[in-house]
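*Asks:* Quick one, structure for this:
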Amino acid sequence: LEYLVHWKGFPREEREWKKASELSHAQQAIAEFHRAHPAKPRPTPTMHLRFRPIENFTRPRIPGWLYNW
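*Replies:* Now for the predicted structure:
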């Protein structure tokens, strides 16, 4: 996730895209941005995601006893 940063006291031409990890000193400004724009993408904590293995439906499961003729 990146943010377009407008530096105070600099012209608009000096704006630049910065990664969220590079803006640890601007947490309050980021929080204000997300309060003003709730529909915009925001960082998602991956610790809360639950991953499950997906069953492979393209390969049929055939019981082993069918091969022992």
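
*Asks:* okay, now Ile30: neighbour count?
*Replies:* Other residues near Ile30 come to 16 when the count uses other C-beta atoms under 10 Å. C-beta: built from backbone N, CA, C; applies to glycine.

*Asks:* same deal with Pro53?
*Replies:* 5.

*Asks:* for Pro45, same thing?
*Replies:* 6.

*Asks:* same question, the one 5 residues further on
*Replies:* Residues contacting Arg50 under the criterion other C-beta under 10 Å number 4.

*Asks:* now Gln28: how far from Arg35?
*Replies:* Distance, Gln28 to Arg35, using C-beta to C-beta, to the nearest Å: 11 Å.

*Asks:* Need phi/psi at Met17.
*Replies:* Residue 17: Trp, not Met. With angles defined as degrees, to the nearest 10, Trp17 sits at phi -80, psi 130.

*Asks:* residues contacting it?
*Replies:* Residues in contact with Trp17 (C-beta atoms under 8 Å, 6 or more residues apart in numbering) are Glu2, Tyr3, Leu4, Val5.

*Asks:* what's across from it in the sheet?
*Replies:* Applying DSSP bridges to Trp17 gives these bridge partners: Leu4.

*Asks:* still on that earlier bit, for the contacts of Trp17, which one is nearest Ser21?
*Replies:* Glu2 (9.8 Å; C-beta to C-beta).

*Asks:* residues in contact with that closest one?
*Replies:* Applying C-beta under 8 Å, 6+ apart to Glu2 gives the contacts Trp17, Lys18, Lys19, Ala20.
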